[in-house]
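Participant: Here is the input, now give the coordinates:
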Amino acid sequence: MGTPSEMGTMKIILLNKTTDSRLAEIRSEMQTLGAPVIQCFELEDGKYMATEGSHRLTAAKELGLTPILDVIDKFDKDDPDTEKFYADARRRESKGLVLEFEDA
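Facilitator: Here you go, the predicted structure:
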């Protein structure tokens, strides 16, 4: 698991879109609980792909919190086994499902 200070600027690709009603609920909870811990995969191009927490990541961004990333694995861009994963990451990013967090 990495800490934000070890990573600098983080670009995190979200799993899916958020809904306003759920986002409001999560934002309210995070005002008390603080920054979330999010499981993700590290991509070679300096980005991370979240496996969960689209609402928590969006709420953290809105509240000025930096999430803590629990990196499950790092994917090699040239590995044929992860080619489909990278294509999915690019597709999600092209749809605007990416957030950038600055080091606290």
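
Participant: Centre-most residue in this protein?
Facilitator: When Cα atoms, centre = their mean is applied to the chain, the residue found nearest the centroid is Ile12 (3.5 Å).

Participant: Tell me if I'm right that that one and Val71 touch.
Facilitator: No. With contact defined as Cβ atoms under 8 Å, Ile12 does not count as touching Val71 (11.3 Å). For the C-beta atoms, the positions are set from N, CA and C on the backbone; glycine is no exception.

Participant: Spatially nearest residue to the residue nearest to the centre of the chain, not counting backbone neighbours?
Facilitator: Taking Cβ to Cβ, 6 or more residues apart in numbering as the measure, Ile12 lies nearest to Tyr48, with 4.8 Å between them; neighbours along the chain are not counted.

Participant: Following the chain onward from the helix or strand where the one you found lies, which element is next?
Facilitator: Remark: Tyr48 resides in strand 47-50, with elements defined by DSSP states H and E. Towards the C-terminus, the helix or strand next in line after strand 47-50, according to DSSP H and E, is helix 54-63.

Participant: buried stuff in that following helix?
Facilitator: Of the residues in helix 54-63, those buried under the neighbour-count criterion (16 or more other Cβ atoms under 10 Å) are 54-60.

Participant: Do I have it right that Leu43 meets Asp76?
Facilitator: No. Shown here, Leu43 and Asp76 do not form a contact pair, counting by Cβ under 8 Å, at 9.5 Å.

Participant: Give me the more crowded residue out of those two.
Facilitator: Comparing Leu43 with Asp76 by other Cβ atoms under 10 Å, the one with more neighbours is Leu43, at 20 against 11.

Participant: partner residues bridging the more buried one?
Facilitator: As for beta bridges, Leu43 partners with Phe75 under DSSP bridges.

Participant: From Asp20, how far off is it?
Facilitator: In this structure, Leu43 and Asp20 are 29 Å apart, going by Cβ to Cβ, to the nearest Å.
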